[in-house]
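Q: Sequence isn't available, so here's the structure alone:
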């Protein structure tokens, strides 16, 4: 019992000699620098909205030419896609998008529409998205790339580039 008392007194003596326990100093929080490139995949959209009534009743076709030296040294030309303008289909309120792979109800989501008939009053938008880019490449693509829509035997129309975004 005596040895326990001696140990307790020795412990009190040690505490009395060093009243402030040593506290580790906190390390600074890691903060990334402001100039790091934004991470993730970026995209740039190009589009052209047809004026109402621009496409008459009957069969139509479209194709795209993509010239983007920032991404490829070669131009890309799609095959012709066909669709019909007909009063015999129901009028839809949502726009219809002429995409690389065919008609779609969404400008970015790859939801292909198998019915190729469109009511003449439906809004039609030609759209192409360049995806999987870095932010730097997306910013360059806005000014350096050209997407051209060809339709029927009428000619060509450039699509306007939008702002880069993360899909």
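A: The structure has been received and is ready for your questions. Note that the structure is predicted; figures quoted are calculated from it, not measured.
Q: Residue 106 versus residue 147, what's the distance?
A: Distance from residue 147 to residue 106, counting by Cβ to Cβ, to the nearest Å: 18 Å. Backbone N, C-alpha and C define where each C-beta goes, glycine included.
Q: mind listing the helices in the chain by residue range?
A: Counting by DSSP state H, the chain has helices at residues 2-17, 135-144.
Q: coming back round to it: so between residue 147 and residue 106, which is more surrounded?
A: More crowded of residue 147 and residue 106, by other Cβ atoms under 10 Å: residue 147, with 27 against 14.
Q: what residue ranges in this structure score low on pLDDT?
A: Confidence mapping of the chain against pLDDT under 70 gives the ranges 1-39, 110.
Q: Let's see that with 50 instead.
A: Filtered on pLDDT under 50, the chain yields the residue ranges 4-10, 12-15, 21, 23-36.
Q: contacting residues for the nearest residue to residue 132 once chain neighbours are set aside?
A: Excluding the flanking residues, the one nearest residue 132 by Cβ to Cβ, 6 or more residues apart in numbering is residue 41, at 5.4 Å. If a contact means Cβ atoms under 8 Å, 6 or more residues apart in numbering, then residue 41 has 131-133, 166-167 as its contacts.
Q: and if we set it to 7 Å?
A: Residues in contact with residue 41, defined by Cβ atoms under 7 Å, 6 or more residues apart in numbering, are 131-132, 166-167.
Q: Which members of these are the farthest-apart pair?
A: Using Cβ to Cβ, the two most remote members of the contacts of residue 41 are 132 and 166, lying 11.2 Å apart.
Q: Redo the contacts of residue 41 as a markdown table? Include neighbour count.
A: Rendered in a markdown table, the data for the contacts of residue 41 read as follows (neighbours: other Cβ atoms under 10 Å):
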| residue | neighbour count |
| --- | --- |
| 131 | 12 |
| 132 | 12 |
| 166 | 11 |
| 167 | 12 |
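Q: Buried residues of stretch 97-109, list them for me.
A: Neighbour counts over stretch 97-109 (16 or more other Cβ atoms under 10 Å) mark 97-100, 102-104 as buried.
Q: Going by distance to residue 47, which of the residues you listed wins?
A: If you rank the buried residues of stretch 97-109 by distance to residue 47 using Cβ to Cβ, residue 97 comes first, at 8.4 Å.
Q: I'd assumed residue 111 was in contact with the closest one.
A: No. In this structure, residue 97 sits apart from residue 111 without contact. The criterion is Cβ atoms under 7 Å, and the distance is 9.5 Å.
Q: Give the intersection of the neighbour lists for those two.
A: Overlap between the contact sets of residue 97 and residue 111, as judged by Cβ under 7 Å, 6+ apart, is given by residue 104.
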